[in-house]
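# following is a predicted model, sequence given first.
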Amino acid sequence: MRYAAAIDALKNILPAKSWSQNKDILAPYLCEWRDRWQGQAPILLRPANTEEVAIAVRICAAHKTPITIQGGNTGLVGGQIPQGEVLLSTIRLNKIRATNADNLHMICEAGVTLQAVQEAADMVGLKFPLSLASEGSCTIGGNLSTNAGGVHVVKYGTTRQLVYGAEAVLADGSLYDGLNPLRKDNTGYDLSQLLMGAEGTLGIITAASVKLFPKPKDNIRVMAAVESPAKALQLLNMVRGGYRLCMFELIPRLGMDYATQMPGHKDPFTAKYPWYVLLEWEFDDSEIPQDFAQKTLEIAVERGLVLDAVIATSEAQSGALLALRENLSASQKPIGATIKHDISVPTAKVPDFIALANAAVTKHTPNCRPLPFGHLGDGNIHYNIGQPEVMQPDAFMALEPEINDIVYDIVDSLGGSISAEHGIGILKKGQLSRRASPAKLQMMRQIKTALDPDNILNPSVLL
Ligand SMILES: Cc1cc2nc3c(=O)[nH]c(=O)nc-3n(C[C@H](O)[C@H](O)[C@H](O)COP(=O)(O)OP(=O)(O)OC[C@H]3O[C@@H](n4cnc5c(N)ncnc54)[C@H](O)[C@@H]3O)c2cc1C
């Protein structure tokens, strides 16, 4: 068997509960959410603590045996799926080590789910604002490693802005402790930040020291109907002042049509509109949310930015509005194959991106069904293209490389990024190596070689 010496050593030295070669136990770790990649691994490691992670990595390093790291397995670019490497899951690193309301920090192990972190913050009257539709399964280690975004970036930033630092086992099995929750620390390179968005290529994050925030006194969610992405952008410019806006999500008509076909989802409007924006404001002062939303929307209507609006008046209604947005991707499944992109451009160029991309992809594949939606407030659009009704799914997916090039050429021409929040993983490695500047690629390779000279950690990912 490949890597036999390392596997024997891992089995001899780690406790029996911390590894498995049972096919049934391994199976769920080897497939992923979108069914795009089927993985393989000779052994699954589930270390119980940082020390066991370090032991496992030291053994693999001694035998030059590669490791793939997996958290909650919700990644969308395949980086967590092993291609024959040893698979290390952080699922048992699931303790919250400390919460300190005075210093606004929490130290949690890498395998704690995002939802558990949010709930633990809530228990002490604070807020951890990272919010993704996958929060019940994704882990804090995965969030740091992918620098996850989500729906609150417009106010709170991406994951890298939400952490003080991280603890990580490096490729030689040594431990880096960057958990000190200091707001200011200018003693050279910020090594924890190097691990953010590194997709497990520079170290295995075993714990994180995350920032907590005072809970806002109140909040309100609104769905506004608008004529076009350009009007949505003008609305964004009107409402983004004052540190209140925490969500600004774009939904096209087609998305509303798909989402409202899912059980339990309802169009909040009686009339049909071409585009929608889902907004949320948070309040720390004595402002009455309903009055504020009403006043703001009236001004937006007067200015010709908003056609119609619904203000959520209960938690249930507020949740229903968010569910329409969060289930957009899933609601596309019944229409067949989709080619997906997670791109960003400077926020002001989002309307140009949507117009250019829609024209180019429908010219290339007539009757394909583009669905541009997502984080307009961050210039981040999920650009999913559904297959034409009459085409076979396989025939459409065969066009993916050409369609990707069309979309990414437009992204490049607008000064954007081919991966706004999901990362590079296995999926976009080829595109990154063709499109990133030679200087960027060289620096990334030099950093990787310095920290992992034998290419042990996530060797199939990123570079
Ligand atoms: C329904 C759904 C909605 C989503 N919405 C969003 C969204 O709004 N915004 C967004 O940014 N993402 C979103 N995602 C993508 C995904 O949830 C995030 O990328 C998340 O951060 C991945 O966390 P995970 O624990 O599942 O990581 P995994 O999928 O297990 O791994 C992801 C990558 O991180 C590496 N990794 C994982 N843990 C560690 C660790 N401890 N140390 C080092 N490397 C590690 C893996 O090797 C892999 O390369 C969504 C996914 C789904 C399925």
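Sure, I can see it.

# what residues does this protein put near the ligand?
Within the chain, the positions lying close to the ligand (CB under 6 Å from any ligand atom) are 33, 69-76, 79-80, 90, 110, 132-134, 138-139, 141-143, 145-146, 148-150, 199-200, 204-205, 421-422, 425, 458, 461. The C-beta positions use only the backbone N, C-alpha and C, and glycine is treated the same way.

# show me the residues you listed that map onto strands.
69-70, 204-205 (DSSP state E).

# pull out the buried members of those.
Those of those that meet the buried threshold are 69-70, 204-205, by 16 or more other CB atoms under 10 Å.

# hmm, back to that, can I get the buried part of the residues of the chain next to the ligand as one ChimeraX selection?
Remark: buried members of those, expressed as a ChimeraX selection using 16+ other CB under 10 Å:
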select :69,70,71,72,73,74,75,76,79,80,90,110,132,133,134,138,139,141,142,143,145,146,148,149,150,199,200,204,205,421,422,425,458,461
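
# distance check, Thr139 against Ile91.
According to CB to CB, to the nearest Å, Thr139 stands 8 Å off from Ile91.

# so what sits against both of the two?
71-72, 111 (CB atoms under 8 Å, 6 or more residues apart in numbering).

# looking at the residues you listed, spot the one nearest Arg253.
Taking CB to CB as the measure, Gly72 is the one of the shared contacts of Thr139 and Ile91 closest to Arg253, at 32.7 Å.

# between the ones in strands among the residues of the chain next to the ligand, which sits nearest Gly264?
Proximity of those to Gly264 (CB to CB) peaks at Gln70, which lies at 31.2 Å.

# contacts only, for the closest one.
29, 80-82, 87-91.

# report the beta-bridge partner residues of it.
Beta bridges link Gln70 to Ser89, judged by DSSP bridges.

# roughly how far is the helix or strand of the chain with the lowest mean pLDDT from the heart of the chain?
In the chain, no helix or strand scores lower on mean pLDDT, DSSP states H and E than helix 328-331, which sits at a mean of 92. Relative to its parent chain, helix 328-331 has a centroid offset of 16 Å by CA atoms, centre = their mean, to the nearest Å.

# and if you look at stretch 96-104?
Counting by CA atoms, centre = their mean, stretch 96-104 is centred 25 Å from the centre of its parent chain.

# dump the residue contacts of Gln21.
By CB under 8 Å, 6+ apart, Gln21 lies in contact with 42-44.

# typo on my end, it should be Ile339
Ile339 is in contact with 384-385, 396-397, 399-400, 403-404, counting by CB under 8 Å, 6+ apart.

# over to Arg34?
Arg34 neighbours (CB under 8 Å, 6+ apart): Leu76.

# let's see it at 10 Å
By CB atoms under 10 Å, 6 or more residues apart in numbering, the contact list for Arg34 reads 75-78, 329, 333, 338, 340, 427.

# kindly report the same for Glu421.
Glu421 is in contact with 76, 132, 146-150, 153, 158-159, 197, 342-344, 374-375, 378, 380, 382, counting by CB under 10 Å, 6+ apart.
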